[in-house]
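# My questions concern the predicted model and sequence given below.
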Amino acid sequence: MAAGASIPDMDTAFLQDFIQVVEAGSIAQVARQNGLTPAAVNLRIKKVEDELGYRLLTRSGRSVTATAEGLQILAQARRVMEEVRNLKMAGQGPIVVGRLSLGAFDSAMSTLIPPLMERVIARHPNLEVNLVKAYSVHLYAQVCDGEMDAALILQPQFQMPKNLEWRRVRDEPLVVLAPASLAEVDPNQLLRANPHICYDRKLWGGQLAAQYLRQHDIHPKIRIETASIEIIARLVSRGLGVALVPDGAGELLEDIKLRKIPLPGNEHFRSVGLLWNRQSARVALLHEIYDMVRGL
């Protein structure tokens, strides 16, 4: 059986031993923690290796490390154990306990997550939530790989696998940011005539801004490029250029002297939504969280 293939049906306690041994680097330590003998832990891991068909650990004296195949199976083993815990919690009725991993990109973490957490904890006080801030593309990969339960991300601009669901929470219009000293009111002329503080074009939001510029035949001179909308706003306020960004971090701009000029029409925006796996054992809770965040 090749490394990375699906983990067959086996005693999950044996998988947990494998995970703990890799993390501790010691069979003896794991044996002490679990009230077992080192020989018993060795036997459990040997059974996993026999069932998978390859070695998971390399032993050197008293220390152990994962083989290349073991490292490949480690993340999948962790996901299996997390799903087992979630399945056990699902049978506990309306009282939701355990751990939920929830991600959000920068401005969503600042604007949506705090009030959402207030609602979630009020409804489920025994739930432990792990919050992760990252770019939408990275959060998408973590949900796709099963490393995260759900994430607030920008709408993917590609066809998603059928097991993933993304639902819109809000739309954030693109706006031009300009120093307060500039009197020009035409957003396209501002973008053509001034140096550009560019929203990182590797990000999905930055790609939307770049698409708008191409569609309107605007080729600005890029002075600075960064992934932080807050930093962009502060650079613009110092007269270093103008910018085209999503208006998703308005709360961060109240203390900054700049002008915010909307684009003509209302068709230029990025969509923010909640992404999760339809097959998750916590899907009922994720639907509830979506209803909560949509109502903010």
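Arrived safely, thanks for sending.
# so where's the stretch 151-296 of the chain uncertain?
In the predicted model, the stretch 151-296 of the chain carries pLDDT under 70 at residues 249-256, 266.
# Do a quick rundown of the strands in it.
164-179, 196-199, 222-226, 243-246, 258-262, 269-277 (DSSP state E, counting those that start in this stretch).
# Quick one: list the elements packing against the longest one.
Strand 164-179 sits against helix 187-193, helix 204-215, helix 229-237, strand 243-246, strand 258-262, strand 269-277, helix 283-294, with contacts defined as 3 or more C-beta pairs under 8 Å, 6 or more residues apart in numbering; DSSP states H and E. Quick note: C-beta positions are derived from backbone N, CA and C, even for glycine.
# in that strand, what counts as buried?
Neighbour-count burial for strand 164-179, counted by 16 or more other C-beta atoms under 10 Å, picks out 165, 166, 169, 170, 172, 174, 175, 176, 177, 178, 179.
# Quick one: closest of the strands of the stretch 151-296 of the chain to residue 47.
Nearest to residue 47, of all the strands of the stretch 151-296 of the chain, is strand 269-277, at 29.7 Å by C-beta to C-beta.
# List the contacts of residue 293.
112, 116, 152, 169, 274 (C-beta atoms under 8 Å, 6 or more residues apart in numbering).
# coming back round to it: just send the buried residues of strand 164-179 back as TSV, with distance to residue 15 too.
Shown next, in TSV, are the buried residues of strand 164-179 (distance: C-beta to C-beta, whole Å):
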residue	distance to residue 15
165	28
166	31
169	36
170	40
172	42
174	47
175	50
176	53
177	51
178	57
179	58
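# before we move on, the earlier item: got the strands of the stretch 151-296 of the chain as JSON lines, with distance to residue 28 columns?
JSON lines is the format used below for these (distance: least, C-beta to C-beta, whole Å):
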{"stretch": "strand 164-179", "distance to residue 28": "42"}
{"stretch": "strand 196-199", "distance to residue 28": "53"}
{"stretch": "strand 222-226", "distance to residue 28": "49"}
{"stretch": "strand 243-246", "distance to residue 28": "54"}
{"stretch": "strand 258-262", "distance to residue 28": "61"}
{"stretch": "strand 269-277", "distance to residue 28": "37"}
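# closest to residue 296 out of those?
When those are compared by C-beta to C-beta, strand 164-179 sits nearest residue 296, at 8.0 Å.
# What is the burial count for residue 216?
By the criterion of other C-beta atoms under 10 Å, residue 216 has 15 neighbours.
# still on that earlier bit, and residue 72, which of the strands of the stretch 151-296 of the chain is closest to it?
Closest approach to residue 72 among the strands of the stretch 151-296 of the chain is made by strand 269-277 (21.0 Å; C-beta to C-beta).
# re the thing from before, how about the strands of the stretch 151-296 of the chain, which one is nearest residue 77?
Among these, strand 269-277 comes nearest to residue 77, with 17.9 Å by C-beta to C-beta.
# Give me the contact list for that closest one.
Contacts to strand 269-277, defined as C-beta under 8 Å, 6+ apart, come from residues 108, 112, 139-140, 143, 146, 149-155, 163-174, 204-205, 208, 246, 248, 283, 286, 289-290, 293.
# Disregarding residues adjacent in the polypeptide, which is nearest to residue 165?
residue 278 (5.2 Å; C-beta to C-beta, 6 or more residues apart in numbering).
# re earlier: and which of the buried residues of strand 164-179 is nearest to residue 230?
The closest of those to residue 230 turns out to be residue 177 (C-beta to C-beta; 11.2 Å).
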